[in-house]
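> here's my sequence, what's the structure:
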Amino acid sequence: MRIISFCADGIRDAAKKGFYDWVSDQDAEFICIQNLKASEYDLPDKPYFMREYNAYFFDAVDSKTNGVAIYCKRLPKAIMTGLGFTDFDLEGRYIQADYPDISIGCLLAPSAYNEDGKARNRKSQFFNHYQNHLKKISNKRREFIICGNLNIAHAIRDVQNPEANQSQSGFLPEERQWMDVLFSDVGYVDAFRAINNDADEYTWWPSGERGEDGWRVDYQIVSAGMRNRIEYGAIYKSQEFSSHAPLIMDYDYEME
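The predicted model follows:
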């Protein structure tokens with residue numbers, strides 16, 4: 001089962017740069033896209049509605065910001081939009097496809113990069129809510145794969161210039177601690193890091209220039225039961241569709 005996660009920085013711009021031409025050849029079971037910066041109803045049929053997929057969108061109230069989408073080859077049992085965090089749900093940050101034994105989520109977390117204390121506090125509030133949510137769903141008898149841009153780099157090896165960014169939101173000690181708790185106490189798994197420990201694997205370049213100040217902020221986070229099903233992971237860097245690179249993960253999991 002192949003899942004691709006991609007933060008688009010505007011889905012129209014990514015499409016012009018060839019994203020849909022590339023992704024249509026990947027034979028992915030799911031494609032999770034964040035930061036569409038467009039309403040579903042403003043997108044024409046092609047290329048945004050691929051024939052092989054069921055496409056679902058969750059728009060922000062301000063359709064020019066945020067927004068998430070998930071493309072599913074198999075018809076889901078249900079689609080969930082939002083996380084129950086009232087203010088944040090208005091921003092179009094989460095959509096989830098449910099199947100009998102597994103759920104696939106697509107998440108765009110708030111960013112406070114180059115922002116002031118108010119934005120940082122709001123981001124912290126979101127992650128406090130989200131940690132409680134993840135603890136709650138970990139008790140359910142199903143597996144979870146949550147794809148998306150968390151706007152946090154977890155470890156020193158996940159930032160190209162850690163010393164220069166140690167006081168930057170996205171690499172603050174308290175944000176990294178949140179990730180520590182997620183992957184230890186709460187019990188989720190960073191799927192990419194489960195099979196790749198290289199120090200130069202980045203998914204985002206704030207300046208837009210590859211090779212300069214890279215960060216790994218895009219993840220596929222899986223429930224503990226999926227740990228031994230992770231087969232392959234790669235960050236696709238051969239083409240540039242946005243300031244983020246797509247994350248590709250393969251799992252030894254057969255959909256019912």
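
> what are the ranges of the strands in this protein?
2-7, 30-34, 54-58, 68-72, 78-81, 94-98, 102-108, 143-149, 189-190, 218-222, 230-235, 247-251 (DSSP state E).

> deepest in the core, which of those strands is it.
Of the strands of the chain, the one with the most neighbours on average (mean count of other Cβ atoms under 10 Å) is strand 30-34, at a mean of 27. C-beta coordinates here come from the backbone N, C-alpha and C atoms, glycine included.

> residues near Asp62, how many?
Burial of Asp62 is recorded as 13 neighbouring residues (other Cβ atoms under 10 Å).

> can you tell me the closest non-neighbouring residue to it?
Glu91 (7.9 Å; Cβ to Cβ, 6 or more residues apart in numbering).

> follow-up on the earlier one: distance to Arg176 added to the strands of the chain, as CSV?
Output for the strands of the chain, formatted as CSV (distance: least, Cβ to Cβ, whole Å):
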stretch, distance to Arg176
strand 2-7, 20
strand 30-34, 21
strand 54-58, 28
strand 68-72, 24
strand 78-81, 29
strand 94-98, 22
strand 102-108, 18
strand 143-149, 16
strand 189-190, 13
strand 218-222, 13
strand 230-235, 20
strand 247-251, 19
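
> with mean pLDDT and distance to Leu43 added, can I get these in JSON lines?
Shown next, in JSON lines, are the strands of the chain (pLDDT from 0 to 100; distance: least, Cβ to Cβ, whole Å):
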{"stretch": "strand 2-7", "mean pLDDT": "98", "distance to Leu43": "16"}
{"stretch": "strand 30-34", "mean pLDDT": "98", "distance to Leu43": "12"}
{"stretch": "strand 54-58", "mean pLDDT": "97", "distance to Leu43": "8"}
{"stretch": "strand 68-72", "mean pLDDT": "98", "distance to Leu43": "9"}
{"stretch": "strand 78-81", "mean pLDDT": "98", "distance to Leu43": "17"}
{"stretch": "strand 94-98", "mean pLDDT": "98", "distance to Leu43": "15"}
{"stretch": "strand 102-108", "mean pLDDT": "98", "distance to Leu43": "16"}
{"stretch": "strand 143-149", "mean pLDDT": "98", "distance to Leu43": "20"}
{"stretch": "strand 189-190", "mean pLDDT": "98", "distance to Leu43": "32"}
{"stretch": "strand 218-222", "mean pLDDT": "98", "distance to Leu43": "22"}
{"stretch": "strand 230-235", "mean pLDDT": "98", "distance to Leu43": "26"}
{"stretch": "strand 247-251", "mean pLDDT": "98", "distance to Leu43": "23"}
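
> what's the closest of those strands to Asn114?
Ranking these by proximity to Asn114 (Cβ to Cβ) places strand 143-149 first, at 15.8 Å.

> CA atoms of the closest one as CSV?
Extracted C-alpha coordinates of strand 143-149, given in CSV (Å, rounded to 0.1, in the frame of the first residue of the first chain):
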residue,chain,number,x,y,z
GLU,A,143,-4.7,1.4,12.8
PHE,A,144,-4.0,5.1,11.9
ILE,A,145,-1.7,6.7,9.3
ILE,A,146,-1.6,10.4,9.7
CYS,A,147,0.1,12.2,6.8
GLY,A,148,1.0,15.9,6.6
ASN,A,149,3.0,19.0,7.3
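
> so how far is that strand off the chain centroid?
Relative to its chain's centre, strand 143-149 lies at 7 Å (Cα atoms, centre = their mean, to the nearest Å).
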